[in-house]
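Asker: Following is a predicted model, sequence given first.
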Amino acid sequence: MRLVSDEERRARIGVRHALAPSAKAGSPEEAARALVGLHATEAPSVHLSCWARTNQLSVDDVERALYDSRSLVKQQSMRETLFVFPRELVPAVWGSAAARVAAAHRRRLVRDLERWGPAGEGHGAAWLAAAEDAVLECLADGVQRSSKQIREEVPEAEGVIMQAPGKSWGGPVAIAPRVLAQLGFDGAVARAGNAGAWYASRPTWTTVQAWWGQPVPGALGPREGYAELVDRWLWSYGPGTVEDIAWWLGGTKGAVRSALDDLGAEAVSLADGSAGWLRADDLEPVAAPEPWAALLPLLDPTVMGWKERSFYLGGHGPQLFDSIGNAGTTAWVNGRVVGAWVQDLDGVVELRLLENDLPTAARAALAAEASRLTRWLDGQRVFTVYPSPAMQPGFGSQAGLGQ
């Protein structure tokens, strides 16, 4: 098997993820396709991920793709995470990753409705079906509504689940958002407009039919859908192991192996001796692009793209991920993560470097990106509930690291 070195894998990141200057994307849609999909758990990450991969991009450019042309579509799917996908990829997602989490989410919701909610034992499925029908009837007029408005207009979906009474992690959980999530997983409703600013998440909902504005394509079958997702992952993230792909998909190794067989993927050897996979038409070495630096937002697809991350993280993982595995902001040089970034009280982007021996040119390139991002944000601060240790106040000085 051909050996794909860590250096080549890092070169592929620069080229395939539209991060090197010569590989930049020309639009939000191109940026999303370069990554298969964009993480959207944190609202500003979508815009910042696109910004990092383009030379000239405005907030309005991303908003138009999301809400006017709707060429980018929000869909909760892999690992129950909210993503933004190119429109043409959504049917594959519906039939595979979204369908898998939809089944698991439905089982949990029915159980919780019976255990802690308004449905009696054995009646959770019927209660949920009635609530789903009522929500869809409410949204049939095509008017976009918030979760709060739906709760007010649909008695069948109002109320709370008194989850784990007496437990520190328990308490009331509104039912309507979970019903909407279920309908979203199933491809029946869509996250429509955002009632808040671009850096805040205040989603509204409508039917998929109303949001697509044309005959809605049918979901692909599970095997076809997984094959399409794995094919795109291999081009953007390959080579990677079966474990990498299964983690990213939130699926089983069996589904991954079936997809690799269907695609005729080729095995290669990785630097640690494990077997990785590439598309059969992508076996030639990828040359390193020109030097590059990038500042990526929280949960950016590049930092979250593999299960085994040492070839680009080195030993920095504990400083860059929170305790439950959420990635904070990251600073990159030539395919390696070398730190994080934060904003000061005035919105100025500051670097939190984890390495003191970076070459002068690399530091200058990162500083230039920080200045570019400061100008683009124009004083707007973006906040998160997932700060990594490196993003905490005073981290650099406490650790004796460069700024």
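Answerer: Nice, I can see it. Numbers count the residues shown, from 1 in each chain.
Asker: Which parts of the stretch 51-200 of the chain are strands?
Answerer: With DSSP state E, counting those that start in this stretch applied, the stretch 51-200 of the chain shows strands at 72-76, 82-86, 145-146, 160-163, 171-174, 189-194, listed in chain order.
Asker: Show me the one of the ones you listed that comes nearest L57.
Answerer: Shortest distance between L57 and those, using Cβ to Cβ, is found for strand 72-76: 13.1 Å. For the C-beta atoms, the positions are set from N, CA and C on the backbone; glycine is no exception.
Asker: What is the closest one packed up against?
Answerer: Applying 3 or more Cβ pairs under 8 Å, 6 or more residues apart in numbering; DSSP states H and E, one finds that strand 72-76 contacts helix 28-34, strand 82-86, helix 90-95, helix 97-115, helix 175-185, strand 189-194.
Asker: CSV please, covering those and showing distance to E224.
Answerer: Formatted as CSV, these follow (distance: least, Cβ to Cβ, whole Å):
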stretch, distance to E224
helix 28-34, 19
strand 82-86, 16
helix 90-95, 7
helix 97-115, 12
helix 175-185, 18
strand 189-194, 22
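Asker: looking at the ones you listed, which is closest to T384?
Answerer: Here strand 82-86 is closest among these (Cβ to Cβ), at 14.7 Å.
Asker: That closest one pairs with which strands?
Answerer: According to DSSP bridges, strand 82-86 forms sheet pairs with strand 38-39 (antiparallel), strand 72-76 (antiparallel).
Asker: now, of these, which is deepest in the fold?
Answerer: Here the criterion is mean neighbour count by mean count of other Cβ atoms under 10 Å, and of the strands paired with strand 82-86 the winner is strand 38-39, at a mean of 26.
Asker: Could you give the average pLDDT over it?
Answerer: Strand 38-39 comes out with an average pLDDT of 97.
Asker: Could you report the neighbour count for G250?
Answerer: By other Cβ atoms under 10 Å, 16 other residues sit near G250.
Asker: you'd agree R9 is in a helix?
Answerer: Yes: assessed with DSSP: H, G, I helix; E, B strand; the rest coil, R9 lies in a helix.
Asker: what's the spacing between it and R33?
Answerer: Distance, R9 to R33, by Cβ to Cβ, to the nearest Å: 20 Å.
Asker: What strand or helix carries the nearest residue to L345 once chain neighbours are set aside?
Answerer: Sequence neighbours aside, R381 is the residue nearest to L345 in space, at 8.0 Å (criterion: Cβ to Cβ, 6 or more residues apart in numbering). Assigned by DSSP states H and E, R381 falls within no helix or strand.
Asker: Out of the helices and strands packed on strand 72-76, the one nearest D244 is which?
Answerer: helix 97-115 (15.0 Å).
Asker: Could you list every helix and strand in contact with the closest one?
Answerer: Helix 97-115 packs on strand 72-76, helix 124-139, strand 160-163, helix 175-185, helix 222-237, going by 3+ Cβ pairs under 8 Å, 6+ apart.
Asker: Can you classify the closest residue to E7 other than its chain neighbours by secondary structure?
Answerer: Distances taken as Cβ to Cβ, 6+ apart put A288 closest to E7, at 7.1 Å, once the chain neighbours are dropped. What three-state DSSP gives for A288 is coil.
Asker: Show the model's pLDDT score for A288.
Answerer: We note a pLDDT of 96 for A288 in this prediction.
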